[in-house]
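Asker: Kindly return the folded structure for what I paste below:
(chains A and B)
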Amino acid sequence: MNTQTTDTIEDTPLIIANKAFTSRFLLGTGKFKNKTDLAAAIKTSGTQLVTVALRRIDLERHEDNILEYIPQGITLLTNTSGARNASEAVRIARLAKESGCGNWVKIEVINDSKYLLPDNNETIKATEILAKEGFIVLPYMFPDLYAARALVKAGAAAVMPLGSCIGTNKGLKAKEFIQIIVDEINEVPIIVDAGIGTPSQAAETMEMGCDAVLVNTAIATAGNPALLAKAFAQAIEAGRLAYLSKLPTVQEKASPSSPLTGFLYYEK
Amino acid sequence: MALFVLRWFTMKIRINGKEKICEKTQTLKDVIDTSLKNSSHIVAEVNGEIIKRHRWADITVQNGDSIELVALVAGG
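Answerer: Just a heads-up that it's a prediction; the model follows:
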């Protein structure tokens, strides 16, 4: 009897900086209509790593503490969004650490307001400074192999290339260049961050051999964020299993899936 | 005269970019407590330097100081 079922296929956990995650789905917490939707999406996504940001507080009105909506046990990754250069990113990271959310930081350095493209050079500088200070640094980057290598050398705990521009839901526009990074960078996990708009795009990302996917806008702005978060979770899992299965290659010529009957021809 | 007395007892600081006139000899903790109902999740910076929470009561705010109060928020 064949006992080989999918249950026996054991995936290794995603390891970032010696910490193991069974979920390969990172969730961004921005743009949700309300905190109830966010809490529901965190739950259905099964995520173990969520991003937060740091902002000057509004003294005129009471603001909820975001941490009240994130269950204990989920690792927080503070985004340095708003930073325009390395020194601003470093300042934000240090403030975030002081806020008590740990020392995991997503470096996001952007000084282009039209396309919101990450500045790889400044990101490398910030990564080097913060990694030396003991931060676990996950840099968001434009998919460039040289920059990815420099980030690894600078002490990055993962490399997070964009799929397409932030918030566009366009998917893997940078696919070929992400594939190069996946093929060449083996020291740290590759996490595609930004632009992933549908579960099918997330599955495709995982099929390529990426280690995880970070999604925010697509889920936060969906009609039913919790439902889409669940769909993404299943797609990421499906894509991961497909990758582990060693997908067959594309063939130029057709080949039959069924055996020839063996009798529907004239014997000579 | 009134202006002179006012200046004698007050100072000008900036909190999160907004100018504020407050009494002299206040600690950072005093300033934060009068500005916010709940400061449990706040991080404070004075003139660009992070001041750890346990030191808030030890720091006397000076005329012209710039205070930043930040907190974690939702974000991608």
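Asker: going forward, measure contacts and count neighbours with C-alpha atoms only.
Answerer: Noted.
Asker: Around chain B, pick out the residues from the stretch 151-268 of chain A.
Answerer: A:216-217 (C-alpha under 8 Å from any C-alpha of the partner chain).
Asker: where in chain B is pLDDT low?
Answerer: Flagging of chain B using pLDDT under 70 yields the residue ranges B:1-7.
Asker: try it again with 80
Answerer: B:1-9 (pLDDT under 80).
Asker: what does chain A give?
Answerer: Residues of chain A that meet the cut-off, pLDDT under 80, sit at A:1-10, A:61-64, A:260-268.
Asker: quick one: is the helix or strand hosting residue B:72 near chain A?
Answerer: Counting by DSSP states H and E, the element that carries residue B:72 is strand B:66-74. Yes: for strand B:66-74 and chain A, the contact criterion (C-alpha under 8 Å from any C-alpha) is met by B:68-74.
Asker: Show the contacting residues for residue 76.
Answerer: In the absence of a named chain, chain A is used. A:49-52, A:101-102, A:104 (C-alpha atoms under 8 Å, 6 or more residues apart in numbering or on different chains).
Asker: that's the wrong chain, I meant chain B
Answerer: Applying C-alpha under 8 Å, 6+ apart, we find residue B:76 in contact with A:27-30, A:51-53, A:79, A:216-217.
Asker: Now, these that are in helices?
Answerer: Counting by DSSP state H, the contacts of residue B:76 place residue A:217 in helices.
Asker: all strands of chain B, in order?
Answerer: Counting by DSSP state E, residue ranges of the strands within chain B are B:10-15, B:18-23, B:43-46, B:49-51, B:66-74.
Asker: what do you get for the stretch 101-250 of chain A?
Answerer: A:104-107, A:136-141, A:160-161, A:191-193, A:212-215 (DSSP state E, counting those that start in this stretch).
Asker: Dump these to a markdown table, plus mean neighbour count.
Answerer: What follows is the strands of the stretch 101-250 of chain A, written out as a markdown table (neighbours: other C-alpha atoms under 10 Å in any protein chain shown):
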| stretch | mean neighbour count |
| --- | --- |
| strand A:104-107 | 29 |
| strand A:136-141 | 28 |
| strand A:160-161 | 26 |
| strand A:191-193 | 27 |
| strand A:212-215 | 25 |
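Asker: Residue of chain B nearest chain A, please.
Answerer: Nearest to chain A in chain B, going by C-alpha to the nearest C-alpha, is residue B:75, at a distance of 3.7 Å.
Asker: Now for that residue, how many residues are close by?
Answerer: A total of 24 residues lie near residue B:75 under the criterion other C-alpha atoms under 10 Å in any protein chain shown.
Asker: Now do the contacts for it.
Answerer: Shown in contact with residue B:75 (C-alpha under 8 Å, 6+ apart): A:28-31, A:51-53, A:79.
Asker: Kindly report the same for residue A:106.
Answerer: The contact partners of residue A:106, taken as C-alpha under 8 Å, 6+ apart, are A:51, A:77-80, A:137-140.
Asker: cool, and residue A:89?
Answerer: If you count contacts by C-alpha under 8 Å, 6+ apart, then residue A:89 has A:80-81, A:83, A:107-109, A:126 around it.
Asker: Max pairwise distance over those: which two?
Answerer: The span of those, defined through C-alpha to C-alpha, is set by A:81 and A:126 at 12.8 Å.
Asker: who has more neighbours, the two?
Answerer: For residue A:81 versus residue A:126, neighbours defined as other C-alpha under 10 Å are more numerous around residue A:126 (26 against 20).
Asker: Name the single longest helix found in chain A.
Answerer: Max-length helix for chain A by DSSP H is helix A:225-244.
Asker: Can you give me the buried ones in that one?
Answerer: When burial is assessed from 16 or more other C-alpha atoms under 10 Å in any protein chain shown, helix A:225-244 yields the following buried residues: A:225-243.
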